[in-house]
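Peer 1: Model the structure of this input:
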Amino acid sequence: MNNGAGHSAGAPLARGQGVALWRQIAGSLEREISGGGLAPGARLPTEAELSARFGVNRHTVRRAMEELETRGLVRVEQGRGSFVAEDVLDYPVGPRTRFSETIRRQNREPQGRLIRVEEVPAEASIAEQLRLRRGRPVIMAERLSLVDGRPVAIGTHWFSAARFPTIAALLSEDSSITRALAKLGVPDFQRQATRITARLPTPEEAVLLEQSRNRPVLVTEALNVDPQGNPVEVSFGCYASGRVQIVAES
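Peer 2: Below you'll find the predicted structure:
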């Protein structure tokens, strides 16, 4: 990722000609962004670096950054710095929601990374949705979903260990849940219900999503069922709200 350290000083600021210095700085950075010198998601130089580059104090730089943030060109994350704003991804959630298919339809490149998979006793809410007794073994899989190499979501998924005893091994080889379920006799499944909420991320979620802890995440809770209406999977999705917009479809 470009950190901005290699950018040249560019044209000097025009002082005493009626255009505020902060506006000139904002314009200079905007031209770098629109011209591709600063790619979406790239970290901008620090206030100190920009102050030195333009020969102004930090207050002037801060005013320029506030202008760019207000216009949606950059995002400022407390404790992490300033970044070029990315295009917000529309993520439709409906009866048939498939991450890879959805991303490829938008000419973007999806990736999945398995964080962990383990057998655990079913908590009450998970057991109820999977129609199991509380405490029965379930397979819990946690995945990180990326688009064009940038993390956008963390998914936590639960499956009945009795119905899918080998799903942990399959996911360890290939993190695609759709392909794993197809190998286990469930070639198709649909969402019966989705609940969407918002909250602040945990420290672990903020690190995985590469965002600050004071920026909210969108959370989805979903139940997927097979064509006969039997529960297949309970899933929780945690989405980086600065990169993903969830669109509810009927």
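
Peer 1: hey, C-alpha coordinates of the worst-scoring helix or strand of the chain on mean pLDDT in PDB?
Peer 2: Lowest by mean pLDDT, DSSP states H and E among the helices and strands of the chain is strand 74-77, with a mean of 82. Output of strand 74-77 as PDB, limited to C-alpha atoms (Å, rounded to 0.1, in the frame of the first residue of the first chain):
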ATOM      1  CA  VAL A  74     -10.700  10.600   2.500                       C
ATOM      2  CA  ARG A  75     -11.600   8.900   5.700                       C
ATOM      3  CA  VAL A  76      -9.900   9.700   8.900                       C
ATOM      4  CA  GLU A  77      -9.500   6.900  11.500                       C
END
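
Peer 1: what element comes up after it heading to the C-terminus?
Peer 2: Proceeding N to C from strand 74-77, the next assigned helix or strand is strand 81-84, under DSSP states H and E.

Peer 1: re the thing from before, list the buried ones in the least confident helix or strand of the chain?
Peer 2: V74, R75, V76, E77 (16 or more other CB atoms under 10 Å). All C-beta spots, glycine's among them, are computed from the backbone N, C-alpha and C.

Peer 1: Quick one: residues contacting the residue positioned nearest the centre of the chain.
Peer 2: For the chain, V152 is the residue whose C-alpha lies nearest the centre (CA atoms, centre = their mean; 1.8 Å). Shown in contact with V152 (CB atoms under 8 Å, 6 or more residues apart in numbering): L89, Y91, S145, L146, L209, Y239, A240, R243, V244.

Peer 1: now R105: how far from L89?
Peer 2: To L89, R105 is 11 Å away according to CB to CB, to the nearest Å.

Peer 1: So which of the two has more stuff around it?
Peer 2: Taking other CB atoms under 10 Å, R105 and L89 do not tie; L89 has more neighbours (20 against 11).

Peer 1: what about the least confident helix or strand of the chain, distance to the chain center?
Peer 2: 15 Å (CA atoms, centre = their mean, to the nearest Å).

Peer 1: List the strands paired with whichever strand or helix holds A198, with their directions.
Peer 2: Applying DSSP H and E as the criterion places A198 in strand 190-199. Using DSSP bridges, strand 190-199 pairs in its sheet with strand 217-225 (antiparallel).

Peer 1: quick one: contacts of the strand it pairs with?
Peer 2: Taking CB under 8 Å, 6+ apart as the rule, strand 217-225 contacts 93, 97, 129, 189-201, 205, 209, 211, 231-241, 244, 246.

Peer 1: re the thing from before, distance check, the residue nearest to the centre of the chain against F99.
Peer 2: For V152, the distance to F99 - CB to CB - is 9 Å.

Peer 1: Pull up the overlap in contacts between these two.
Peer 2: Common neighbours of V152 and F99 (CB under 8 Å, 6+ apart) are S145.

Peer 1: which one is I126 nearest to, not counting chain neighbours?
Peer 2: Spatial nearest neighbour of I126, chain neighbours left out: W158 (5.0 Å); criterion: CB to CB, 6 or more residues apart in numbering.

Peer 1: cool, and R150?
Peer 2: G41 (5.8 Å).

Peer 1: Over to P203?
Peer 2: Spatial nearest neighbour of P203, chain neighbours left out: R213 (6.5 Å); criterion: CB to CB, 6+ apart.

Peer 1: just the strands in the chain please.
Peer 2: All strands of the chain, identified by DSSP state E, fall at 74-77, 81-84, 89-93, 110-121, 137-147, 150-160, 190-199, 217-225, 231-240, 244-248.
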